[in-house]
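**Student:** how would this look folded up:
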Amino acid sequence: MLIDWLSKDGKLVLAARVTRTFAYGFLSIVLAIYLKLIGFNDIVIGLVLASTLVNSVIFTLIVSFYADRLGRRNMLVIYAALMSISGAIFLATEDYLALIAAALIGTINVTGSETGAFLSIEQALLPQTVSNVRKRNTIFALYNMAGTFAMSVGILLSGLPTILQHQFGLSQIESIKPLFMLYSILGIIVMIIYFMLSKKIELTSDQIAKPLTQALSPGTKKIVGKLSGLFSLDSFAGGFVIQSIVAFWFFTKFGLDLTTLSYIFSIAGVLTAFSFLAAARIADKIGLVNTMVFTHIPSNILLILVGFAPTLPLAIAFYLGRMALSQMDVPTRQSYIVSVVKEEERT
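**Tutor:** So this is what the prediction gives:
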């Protein structure tokens, strides 16, 4: 097989990643629009979306301090269960406090590129699933490509409500609710996949013997401190253009329906997926840091042009161009971090 160099645990992680990002795909498109349809104002919509990002920060911090002690598999199973619960809450109620709570406790992703607890744990264990250290760039590229392709397919499913409206006469609100049910079911499937992971993904007792206050060596603290500052600035800016907000912008500015939005964002996802493969090859030739820099600058110029585009075709063209470049730094960044951080410090 093409991925014989990848262990069973590595393949399970990829399967969980594909299932999870498929769910994120359709939810990231419909969520803000659904909230608008049930009568939420823009401030409350912003609070719900912000809650998903706050959740990501809190759960990532929990992972950093406790995942290796409580067990990586256990943490993944818990977060998958919360993913399922959050989908069930969105299906069951339209109360804004309940939905904000669901966004806070559930692992909902609305950014269009995964962040949060799942990512932190999986990135930490992925290097342990390859038999050859030279495959490290490849596994991160494959991990990101598989997830992005799955998200693209999931985005296509966000056009389902339009079909349900035309074929079965459902209202806009009722036609979206089956997607919340599916999201909850997929969370259960992800949980089952994580149950199948072996103990090989865990650190040994010697590796996790350090107290939390000494979890990072001085050299690693210096590197992580610099990278955290850089990535924080990047993420702060990225928070203004998460996928749910961009979809909501196209919906309100140009009056696009969910089917058209699903096509646009699915194509964008496919372009992003192919860019991960290109990123791995480019990184092998010019280095990880150069790849991060020389793809990030033009992608942000294109983003500026999206906001000033006078017509829909131009806005779509600029957006697709951006998405073909914007995530090329992700696998290179992940590979760089695990290359400069000790195995027992990665989580």
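
**Student:** check the offset of stretch 176-194 from the chain's centre.
**Tutor:** Stretch 176-194 sits 16 Å away from the centroid of its parent chain (Cα atoms, centre = their mean, to the nearest Å).

**Student:** point out where this structure drops to low pLDDT.
**Tutor:** 1-2, 205-216, 331, 343-347 (pLDDT under 70).

**Student:** where's Tyr183 relative to Gly87, distance?
**Tutor:** To Gly87, Tyr183 is 4 Å away according to Cβ to Cβ, to the nearest Å. No exception for glycine: its C-beta is placed from N, CA and C like everyone else's.

**Student:** give me the common contacts of these two.
**Tutor:** Common neighbours of Tyr183 and Gly87, using Cβ atoms under 8 Å, 6 or more residues apart in numbering, are Ala23.

**Student:** who are the contact partners of Ser326?
**Tutor:** Ser326 makes contacts with 272, 295-296, 299-300, 303, as judged by Cβ under 8 Å, 6+ apart.

**Student:** quick check: phi and psi on it?
**Tutor:** Per-residue torsions, Ser326: phi -60, psi -30 (degrees, to the nearest 10).

**Student:** now rank the contacts of Ser326 by neighbours and give me the top one.
**Tutor:** Ranked by the number of neighbours (other Cβ atoms under 10 Å), the contacts of Ser326 place Thr272 first, at 27 neighbours.

**Student:** doesn't that residue belong to a strand?
**Tutor:** No - the assignment for Thr272, made by DSSP: H, G, I helix; E, B strand; the rest coil, is helix rather than a strand.

**Student:** hmm, Leu320 and it touching each other?
**Tutor:** No - using Cβ atoms under 8 Å, Thr272 makes no contact with Leu320, being 9.7 Å away.

**Student:** please identify which pair of the contacts of Ser326 lies farthest apart.
**Tutor:** Greatest spacing in those, by Cβ to Cβ: Thr272 and Asn300 (15.0 Å).

**Student:** residues near Gly116, how many?
**Tutor:** Neighbours of Gly116 under the rule other Cβ under 10 Å: 21.

**Student:** show the contacting residues for it.
**Tutor:** 55-56, 59-60, 107, 109.

**Student:** tally of neighbours for the closest residue to it other than its chain neighbours?
**Tutor:** Closest residue to Gly116 apart from its sequence neighbours, by Cβ to Cβ, 6 or more residues apart in numbering: Ser56 at 3.7 Å. Using other Cβ under 10 Å, Ser56 has 23 other residues around it.

**Student:** give the buried residues for the host helix or strand of Ser56.
**Tutor:** Assessed by DSSP states H and E, Ser56 sits inside helix 42-70. For helix 42-70, a neighbour-count test (16 or more other Cβ atoms under 10 Å) marks 44-45, 47-53, 55-56, 59-60, 62-64, 67-68 as buried.

**Student:** who are the packing partners of the helix or strand following it?
**Tutor:** Counting by DSSP H and E, the next helix or strand C-terminal to helix 42-70 is helix 72-92. When contacts are defined as 3 or more Cβ pairs under 8 Å, 6 or more residues apart in numbering; DSSP states H and E, helix 72-92 packs onto helix 8-37, helix 42-70, helix 96-105, helix 117-125, helix 172-195.

**Student:** CA atoms only: put helix 72-92 into CSV for me.
**Tutor:** Provided in CSV are the C-alpha atoms of helix 72-92 (Å, rounded to 0.1, in the frame of the first residue of the first chain):
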residue,chain,number,x,y,z
ARG,A,72,-4.0,10.9,25.0
ARG,A,73,-6.6,8.4,24.0
ASN,A,74,-8.9,9.2,26.9
MET,A,75,-8.7,12.9,26.1
LEU,A,76,-9.6,12.3,22.5
VAL,A,77,-12.6,10.1,23.4
ILE,A,78,-13.9,12.8,25.8
TYR,A,79,-13.6,15.6,23.3
ALA,A,80,-15.3,13.4,20.6
ALA,A,81,-18.2,12.8,23.1
LEU,A,82,-18.5,16.6,23.7
MET,A,83,-18.6,17.0,19.9
SER,A,84,-21.6,14.7,19.7
ILE,A,85,-23.3,16.4,22.7
SER,A,86,-22.9,19.9,21.1
GLY,A,87,-24.6,18.8,17.9
ALA,A,88,-27.5,17.3,19.9
ILE,A,89,-28.0,20.6,21.7
PHE,A,90,-28.1,22.6,18.5
LEU,A,91,-30.7,20.1,17.2
ALA,A,92,-32.9,20.2,20.3
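
**Student:** helix, strand or coil for Phe40?
**Tutor:** Per three-state DSSP, Phe40 ends up coil.

**Student:** now do the helices in the stretch 201-347 of the chain.
**Tutor:** In the stretch 201-347 of the chain, the segments counted as helices under DSSP state H, counting those that start in this stretch are 218-238, 243-254, 258-286, 288-308, 312-323, 329-340.

**Student:** what angle separates the last one from helix 218-238?
**Tutor:** Read it as helix 329-340. Computed by axes from the mean of the first three to the mean of the last three Cα atoms, to 10 degrees, the angle separating helix 329-340 from helix 218-238 equals 170 degrees.

**Student:** if you count neighbours, what's buried in helix 329-340?
**Tutor:** In terms of neighbour count (16+ other Cβ under 10 Å), helix 329-340 has its buried residues at 329-338.

**Student:** middle-most residue in the protein, spatially?
**Tutor:** Residue closest to the average C-alpha location in the chain (Cα atoms, centre = their mean): Glu114, at 1.0 Å.
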